[in-house]
Structures are given as structure tokens and as C-alpha cells.
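**Student:** Sequence first, predicted coordinates after that:
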Amino acid sequence: MKHTESLNEFRLGVCYYPEHWPEELWEDDFRRMRELGFSVVRVAEFAWSIFEPEEGSFQFGLFDRALDLAHKHGLKVIIGTPTATPPAWLTHRYPEVLNVTQDGVTLHHGLRRHYNYSSPKYRELSAVIVRRMAEHYKNHPAVIGWQIDNEFNCEISEFYSPADHDAFREWCRSKYGTLDKLNDAWGTVFWSQTYTGWEQVFLPRPTPAHKQPNPHQALDEKRFISDNTISYAGEQAAILREVAPHHWITTNGLFGHLDSHRMNDDLLDFFSYDSYPQFSSIYYDRNEENPLADRSWSQTLGAVRSISPNFCIMEQQAGPGGWVNRMDMPSPKPGQMRLWTYQSIAHGANMVLYFRWRTAAFGNEIYWHGINDYHNRPNRRVREAGQIGAELASAGNRIASTRYTADIALLRDYDNEWDGEYDVWHGPFSWQSGKAWFKALTRRHIPSDTLYVRKSTTIEDLKRYKVLVYPHPAIMRDETAALLEQYTREGGIVIFGCRTGYKDERGHCYMRPFPGAAAGLSGISVEEFTMVKGTREATFMEWDGDDAVTTPADSFNDVLLPESDSVEVVARYASDYYAGKPAVTRNKFGEGEAWYFGAVFNEVSAGRIIERLGLMSPTADWLTLPEQVELAIRQDDAASFCFLLNFSEQPAEITLREEKTDLLTGRKLSGAVTLEGFGVVVLS
């Protein structure tokens, strides 16, 4: 039974590792946590060797004492099952549990996540430690919930041990039933790849052409990894539900090759996420024009929210971050830790735990700084955490009853994400277009959601939004197209980009005019298409209207041919041999409309469509905001809270044409108001 009430109360807390510190520090640590306004700690997710130092020998004394002290100081506890870090005795005695690369290299003990989900022995030993921990702590008064494992598919999300090949073979047998159906799905008649016995079926292995596998096999590989991960997590969840039914269950993630939506639906009470906004600028913004930097993390939080409308941030960045040899993130500037905390809350977090209480003095994460430094003296981050704790002591529970709201959703799906990892004819475009749309919307102070299209998606899921942007869904089932047609017919607006609708769920191209499954809704066909690279220089499109403007037509060009009288040509290509041909169309469909944009979106073109649709900020009639301030809205039937987040180090001037109250300070605000650099207000 799911604990639907598990996030009704707001909690602020921190990750804590009592096994890393002298026991004489614990009580002072817990006392100071309470002084900062913290009410929850996470423990034990890497402590298997503490609980079971030798196979079958269990010791709980260290954590018993730590949890008893936490309870004494009024702290609640989340326990992590420690299966992300199998101990040395286990991997030495049972080397079959270790993961293996595609090249056949065994990944040995010495870091973390060095196991595979398919090993029967690893599943057996994981079940033992989880059951023993659950039985031991099921009645401890401090314990409120469990985190399964830690960051499934982090570090590595592909698995090639002998057990994985065996498990994949059985997965394929279950999915297809016969080799004829598998051969059809994988198109094995091409290049004489046809299988005649199940023993011939493996996960993708190195091939002569730079390890390039059959693309349909590669898509199924990702589906298998996801199902296998969920199966492994499900064994732990089943034990916890049986032994400790009054505790809630979550896990922290959002990593590759994992259907986190299904895992949440099937196993969890809510989803958790580890929020490090500086990853945006380190890994994603390096070559980007006009980047959002840490503000772009809001788009990622939108993906988390699509899994679990209210969620937990199990690790919130609290300091400079880095392992000894990588991820060298700078220190947050004064106010940024507070800004990032409210960024998480604005987007749906009802529980936030900082990582970590004190920076580790040894190990790979000695530079992944916590709130406290090694020396344990008061510092700026501690003071900032205390300010946040004081604010949320009064405001947190008022916010917790609300949910993020938006009228526009950016659509995604796992099939296209996984297929696009290998298929360069559509995969690289989705991230580019999604980021462009998010930038164009957030800089206009128009909140947006992320919505994953799944087989379980209903018309009611779609009708929550006035506009759906589905940038490059190369794989589109006819059932999905029919659902989008119903949504549009009933008044919705759907916007596609190039490379839409031409593949089925196997990754086969439809033998239909492009855009395949979306042709009826779009009212067009694709006359021809081209990559924009090499001999194709940058191209442009000219928009129709009195204020005709020219915008870039990035990366790929679909040359469009209207097939219906209801189609309006909105823009035409302005360069190359197809100059003058339709580039953007709008099709009236029932009470709604479907747009087709023949290129990869950029911020300028997304902004052009936003303006053509007349989309405005929901607060436009009473609030004026500069571009650097993000607007996020959480509300329920009784209250509405507008989060204003200044992502600039410089002060921002905002104008309120109605008097509002800042929930965090109680101040009445109206007229011209200065929002400090990295400042936050929550208007009610």
C-alpha cells in the first residue's frame, strides 16, 4: 500500500555518515542540526561492510547508537539500503556479481556500483541484507522511510556480465516468444543477421564498425536494462513493504536507461532526486549560446516533477563539489545555496536534504563539500542553512499542500531518448530543441512542465495543458498519434519539429510519407529533407506577416508540402535550393491546431511561435519581471504562491501592481521592489 500522505509535511534535513566520524562528535552534530531547523537525516546507503562485515555476521551497534541519539534530538531518519556498495568479502568470494564492460573487462572492487543486477547471487545477498536491516529497524521510533540503493545507473548504465547476457536472452524470449518475431523486430534479414537459435542472442557486443550494433537490438537493450533495474529494485521494495509496511519507500535517481516513471508507479511512494545545479554549466552549457547556467536546472526538476508531482531532494548542493580527479565545481556564492534550495521547492520538492553535513576527510569525495567544513567551525554555508531553516519553519507546511502549475508542457518519451542515443538523425536534436523552448518560455516568465508520453498516458493527462511541444518524436505509435489528434480536436495546440513520426516502436521506418504517424494531424508531408552540415551551410527561414523576420533553420531541414486546405504556411525557407518552400506550417484541426516546424528549434524560433500564439506570463497583469528572474507558481484550491528567483548576482528590479506578502519574511510588497542578487521572494 502506498503512503500517499508521506510528503504532506515539509521537512528540511541533511545526509549524515556516522561511520565516518568519531562517536564523540555525533551528539553535537545532531544538536546543531536541530538548531538550524533540520528535522530529518539520511544514513547508511554505503554502509554494507558496517552492517555485515563478514558473510552472515550482522552488526547493528554503531547505527543503533547513532539512531538513538538522532531520536533523542528529535530527528527523523531515512535509511538507505546499502546495495550500491557491496563489500570486499562479497566481490572477492563471488566475482560473478561484478559488472563487465562490452569489451569483456571486469570492473573490480574499489569505487562503487561495481555490480550487475542480473547475478542471482547478488540478488540473493541483497535480499538478505535488506531483510535483516528492515527487521532490525522496523520499529525504531526515529525511522520514517527507506531509500532503495543509491542512484541506480549512476556511474554506469550498461551491463555485460555473463549473467546479463543470460538475462537479456530470457527477456527477449519473454517479449517476443519466437525467434521469427525477434528477427522481424530487429530486422535481422539485413546483413544476414538472422538468428536460428536462442543461444545465439546476446546483448550488443563489439562489432567491426566501431562497436556499432544493430540499432533495433540496441533499443531493446535499453528497454531490458530498465526492466532489469526495476526488477532488482522491486525485490528490495517487496521486502520493505512486507517487513516495515508503515514506512515509506523512495529512491534517488534520474539516470540513464531507466524508466523512472514506471519504477515510481510500481515500487515507490514518491521519487527522490539529487540536485546539483552547477552540473548545468560544467557538463551542459560549455558550447551553448546565451546559457541559463544553474537556472537550467529548473528544466531538469521539471522532469523529476513529471515522475512525482511532489518529490524529495535527497541531496541538495551545499558547497563546492568534486571528487579527487573530476567534477571540480566552484563554491556557491553567498545566497546561491538558498537560491538553489528554493529552486527545488518551487518546482515541487516537499523534502530537501543537503549533501552533506560535513565534508569527508578521506575517500574520493574529499572535495564534495558539505555545510560544515573539515574543521567543524561555523562558516557562511552554516549561517545560510540556518536562515533557510528559520524561514521554512513557518512557511514550509503552507507550501507543502500545493503543486507546481503550468499551461504548457514539453513532451518527451523513453523510446526516443534511448533510440536517439545511437540514431544521430534525431537523437541530438531533442535536447537542443527542449532547451531552446525552455529558455524562450522561462525568460518570458511562462512556467512549463515536462510530460513523458507513455502507453498509459490519457487524454486527461494532456488536457491539463493548453499547449504541447513535442520537438522530434521520430518514434511515434499510431495510438500516440490518435491521442494527440483527440487532444487537438478538442481545442489543444500541439507543436512538432523536424524528424517527427516516421518510426514505429521497433525503430523501423514507416513505409508512409513523412511525418508518418503524425501526417494526418499535421496536414502536411515532407517533400524532402537534409542535414544542415558539410556541404549544406547554415540555412534560414522567413516568417510571413507584416513584421516578417528571418530566423535560423538549425541542423536539419524538412521541406514541407501542405496536403490539406486547412494548412497555413507560417514561414518559408529563405536560403539554399529550397528557398521559398514551406518551412513552418499551422494546421487547423477540430477546435485546435497542429504546428510543424521543419528544423531544430532555437530560442529565437521558439520565441516566434510563442508570440504568434499570444502566450503570456500568468502574472503579466500585475507583475513585471526582468529576464534574469525566474517565475514558478505552486498552488492548490486554497492558496497560490509565486516564487521569484533571481539567478543573477546583481540586484533585480521588479514591479508589483498589486500588494502581495512575502511568505518567507511576512513583508508587504508593492510598487517597485529590489530583489537582491541571488535573492528569493515567495509572493502570496
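**Tutor:** Received, thanks.
**Student:** what about Asp461, neighbour count?
**Tutor:** By the criterion of other CB atoms under 10 Å, Asp461 has 16 neighbours. Any C-beta I mention is one placed from the backbone N, CA and C, and that applies to glycine too.
**Student:** Pull the contacting residues for it.
**Tutor:** Going by CB atoms under 8 Å, 6 or more residues apart in numbering, Asp461 touches Leu451.
**Student:** And it, how close does it get to Leu561?
**Tutor:** Noted for Asp461: a distance of 32 Å to Leu561, by CB to CB, to the nearest Å.
**Student:** what comes up buried for stretch 223-239?
**Tutor:** For stretch 223-239, a neighbour-count test (16 or more other CB atoms under 10 Å) marks 223-230, 232-233, 235-237, 239 as buried.
**Student:** got it, and stretch 242-253?
**Tutor:** Residues of stretch 242-253 classed as buried: Val243, Ala244, His247, Trp248, Ile249, Thr250, Thr251, Asn252, Gly253 (neighbour count, 16+ other CB under 10 Å).
**Student:** Give me the distance between the two termini of that stretch.
**Tutor:** Separation of the first and last residues of stretch 242-253 by CA to CA, to the nearest Å is 24 Å.
**Student:** Touching, Leu484 and Val494? I think so.
**Tutor:** Yes: counting by CB atoms under 8 Å, Leu484 touches Val494, with 5.5 Å between them.
**Student:** List the contacts of Glu568.
**Tutor:** So Glu568 contacts Thr585, Arg586, Asn587, Lys588 (CB under 8 Å, 6+ apart).
**Student:** partner strands of the host helix or strand of Glu630, parallel or antiparallel?
**Tutor:** Assigned by DSSP states H and E, Glu630 falls within strand 629-635. Strand partners for strand 629-635, identified by DSSP bridges, are recorded as strand 403-404 (antiparallel), strand 640-646 (antiparallel).
**Student:** Any idea which of those gets closest to Gly396?
**Tutor:** Nearest to Gly396, of all the strands paired with strand 629-635, is strand 640-646, at 11.6 Å by CB to CB.
**Student:** hmm, who's touching the lowest-mean-pLDDT helix or strand in the chain?
**Tutor:** Lowest mean confidence among the helices and strands of the chain (mean pLDDT, DSSP states H and E): helix 279, at a mean of 88. Outside helix 279, the residues within contact range by CB under 8 Å, 6+ apart are Trp297, Met329.
**Student:** Now do the phi/psi pair for Leu21.
**Tutor:** No Leu there; residue 21 is Trp. phi -130, psi 150 (degrees, to the nearest 10).
**Student:** hang on, it packs against Trp357?
**Tutor:** No: under the criterion of CB under 8 Å, Trp21 is not in contact with Trp357, lying 9.0 Å apart.
**Student:** list residues touching both of these two?
**Tutor:** Asp29.
**Student:** The residue nearest to Gly590 when sequence neighbours are not counted: what's it in contact with?
**Tutor:** Excluding the flanking residues, the one nearest Gly590 by CB to CB, 6 or more residues apart in numbering is Arg489, at 3.1 Å. Neighbouring residues of Arg489 by CB under 8 Å, 6+ apart: Phe589, Gly590, Glu591, Gly592.
**Student:** Neighbouring strands of the longest strand along the chain in the sheet, and parallel or not?
**Tutor:** Scanning the chain for the strand with the most residues, using DSSP state E, yields strand 652-661. The pairing partners recorded for strand 652-661 under DSSP bridges are strand 623-624 (antiparallel), strand 668-675 (antiparallel).
**Student:** mind exporting that strand as PDB, just the C-alpha atoms?
**Tutor:** Only the C-alpha atoms of strand 652-661 are listed here, as PDB (Å, rounded to 0.1, in the frame of the first residue of the first chain):
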ATOM      1  CA  ALA A 652      16.900  42.900 -10.000                       C
ATOM      2  CA  GLU A 653      14.100  45.500 -10.100                       C
ATOM      3  CA  ILE A 654      10.500  44.100 -10.100                       C
ATOM      4  CA  THR A 655       7.200  45.900 -10.200                       C
ATOM      5  CA  LEU A 656       4.100  44.800  -8.400                       C
ATOM      6  CA  ARG A 657       0.800  46.500  -9.400                       C
ATOM      7  CA  GLU A 658      -1.000  44.700  -6.500                       C
ATOM      8  CA  GLU A 659       0.100  44.400  -2.900                       C
ATOM      9  CA  LYS A 660       1.500  41.000  -2.000                       C
ATOM     10  CA  THR A 661       3.100  39.400   1.000                       C
END
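**Student:** OK, contacts around Pro204?
**Tutor:** Gln102, Lys211, Pro213, Asn214, Gln217, Ala218, Glu221.
**Student:** Thr85 too?
**Tutor:** Shown in contact with Thr85 (CB under 8 Å, 6+ apart): Phe46, Trp48, Ser49, Arg112, Arg113, Asn150.
**Student:** Can you point out the helix or strand that includes the last one?
**Tutor:** Using DSSP H and E, Asn150 sits within no helix or strand.
**Student:** How many residues are close by the nearest residue to Arg132 once chain neighbours are set aside?
**Tutor:** Residue nearest to Arg132 in three dimensions, not counting chain neighbours: Phe58, with 5.4 Å by CB to CB, 6+ apart. Phe58 is flanked by 13 other residues according to other CB under 10 Å.
**Student:** who's in contact with Thr300?
**Tutor:** With contacts defined as CB under 8 Å, 6+ apart, Thr300 is in contact with Leu254, Ser280.
**Student:** Could you do the one 4 residues further on as well?
**Tutor:** Applying CB under 8 Å, 6+ apart, we find Val304 in contact with Leu254, Phe271, Tyr273, Phe311, His347, Gly348.
**Student:** Many thanks, we can stop here.
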